[in-house]
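Asks: Quick one, structure for this:
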Amino acid sequence: MSKLQFKNNNMNAKQEFLDITEGLEVLCATISVCGDELTSHWFPKNSNLVKDKSLTLPVNYTQEEYQNFLNELDFEYDSSWGHQYLYGTIWLKDGRWIERNEYDGSESWRLVERPEIPEQCIRAVDKTDYNFEIS
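Replies: You can find the predicted model right below:
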């Protein structure tokens, strides 16, 4: 008789942040960590996670603020299924952003680009006043 085995999908939130932002210029970020007594068993026993906290990396952050933000993110959690633990948005200097999403109990980061504004949405006066480029 076989026993049901669960795959260990522990993720380090700091490493995940560093991986998803590698090569990108971060403008600012907000990340919330959510957990409760019913879901705390999904966190590794050795995790230094403090449940239910919000982290903010402000615009024009200093190197010290960046390091403190990363230090606060240095914890492990199970990203595979059951409950979403991380929520947040990472804004990039180029106008794109990275948002936290969850599908079918598995969570990840997703890079989002602003869609091009269609020409019919821009009035002629706006095209000259705001230098819109229509592609």
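
Asks: what stretches of this structure score poorly on pLDDT?
Replies: Within the chain, the ranges that satisfy pLDDT under 70 run 1-8, 35-51, 80-82, 105, 124-135.

Asks: any idea where the helices of it begin and end?
Replies: 13-21, 63-72, 124-129 (DSSP state H).

Asks: looking at those, which is buried most?
Replies: Ranked by mean neighbour count under mean count of other CB atoms under 10 Å, the helices of the chain are led by helix 13-21, which reaches a mean of 16. (C-beta placed from N, C-alpha, C; glycine too.)

Asks: Going by neighbour count, which residues of stretch 71-80 are buried?
Replies: 72, 73, 75, 76, 77, 78, 79 (16 or more other CB atoms under 10 Å).

Asks: re earlier: how about JSON lines for the helices of the chain, with distance to residue 84 added?
Replies: Shown next, in JSON lines, are the helices of the chain (distance: least, CB to CB, whole Å):
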{"stretch": "helix 13-21", "distance to residue 84": "13"}
{"stretch": "helix 63-72", "distance to residue 84": "19"}
{"stretch": "helix 124-129", "distance to residue 84": "39"}
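
Asks: that older thread, and the two most separated of the buried residues of stretch 71-80?
Replies: 72 and 78 (18.9 Å; CB to CB).

Asks: how much space between the residue lying closest to residue 92 once chain neighbours are set aside and residue 90?
Replies: Closest residue to residue 92 apart from its sequence neighbours, by CB to CB, 6 or more residues apart in numbering: residue 24 at 5.4 Å. Distance, residue 24 to residue 90, by CB to CB, to the nearest Å: 8 Å.
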